[in-house]
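Asker: Fold the following and give me the result.
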Amino acid sequence: MARFEGDKHRQVIEAKGRSCLSSGFLLYFFFFSYIFFLLCFKG
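Answerer: Model (predicted):
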(Lines give C-alpha, C1' and ligand atoms only; values in the text may rest on other atoms or scores of the structure.)
Protein backbone atom coordinates (compact mmCIF):
# COMPACT_ATOMS: atom_id res chain seq x y z
CA MET A 1 0.00 0.00 0.00
CA ALA A 2 2.78 2.42 0.90
CA ARG A 3 4.53 1.64 -2.39
CA PHE A 4 1.36 2.50 -4.30
CA GLU A 5 1.10 5.86 -2.49
CA GLY A 6 4.73 6.56 -3.40
CA ASP A 7 4.06 5.84 -7.08
CA LYS A 8 1.01 8.10 -7.01
CA HIS A 9 3.03 10.91 -5.42
CA ARG A 10 5.77 10.47 -8.03
CA GLN A 11 3.23 10.68 -10.86
CA VAL A 12 1.86 13.94 -9.45
CA ILE A 13 5.38 15.41 -9.26
CA GLU A 14 6.13 14.30 -12.84
CA ALA A 15 2.87 15.85 -14.09
CA LYS A 16 3.68 19.14 -12.34
CA GLY A 17 7.18 19.11 -13.80
CA ARG A 18 5.80 18.55 -17.29
CA SER A 19 3.33 21.44 -17.00
CA CYS A 20 6.08 23.73 -15.67
CA LEU A 21 8.33 22.72 -18.55
CA SER A 22 5.67 23.41 -21.19
CA SER A 23 4.77 26.81 -19.67
CA GLY A 24 8.46 27.70 -19.52
CA PHE A 25 8.84 26.72 -23.17
CA LEU A 26 5.87 28.94 -24.11
CA LEU A 27 7.39 31.81 -22.14
CA TYR A 28 10.70 31.46 -24.01
CA PHE A 29 8.85 31.19 -27.33
CA PHE A 30 6.95 34.44 -26.71
CA PHE A 31 10.11 36.16 -25.43
CA PHE A 32 12.16 35.27 -28.51
CA SER A 33 9.36 36.09 -30.95
CA TYR A 34 8.99 39.50 -29.22
CA ILE A 35 12.72 40.21 -29.61
CA PHE A 36 12.60 39.04 -33.24
CA PHE A 37 9.65 41.37 -33.87
CA LEU A 38 11.49 44.33 -32.27
CA LEU A 39 14.61 43.69 -34.35
CA CYS A 40 12.58 43.51 -37.56
CA PHE A 41 10.57 46.58 -36.59
CA LYS A 42 13.69 48.66 -35.87
CA GLY A 43 15.48 47.38 -38.97
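Asker: ok, which stretches of this structure are helices?
Answerer: 2-42 (DSSP state H).
Asker: Where does pLDDT dip in it?
Answerer: 1-2, 43 (pLDDT under 70).
Asker: Burial check on residue 33, number of neighbours?
Answerer: 10 (other C-beta atoms under 10 Å). From N, CA and C alone the C-beta is placed, and that goes for glycine too.
Asker: I should have written residue 11 there, sorry.
Answerer: For residue 11, the neighbour count with other C-beta under 10 Å is 10.
Asker: Against residue 5, how distant is it?
Answerer: Distance, residue 11 to residue 5, by C-beta to C-beta, to the nearest Å: 11 Å.
Asker: How about residue 25?
Answerer: Computed as C-beta to C-beta, the residue 25 to residue 5 distance reads 31 Å.
Asker: now swap in residue 33 and tell me
Answerer: 43 Å.
Asker: Could you do residue 18 as well?
Answerer: 21 Å.
Asker: Run a quick neighbour tally on residue 19.
Answerer: 10.
Asker: could you list every residue that touches it?
Answerer: If a contact means C-beta atoms under 8 Å, 6 or more residues apart in numbering, then residue 19 has no contacts.
Asker: Check the gap between it and residue 3 for me.
Answerer: Plainly put, residue 19 is 25 Å away from residue 3 if you go by C-beta to C-beta.
Asker: do residue 18 as well
Answerer: Applying C-beta to C-beta, the value for residue 18 to residue 3 is 23 Å.
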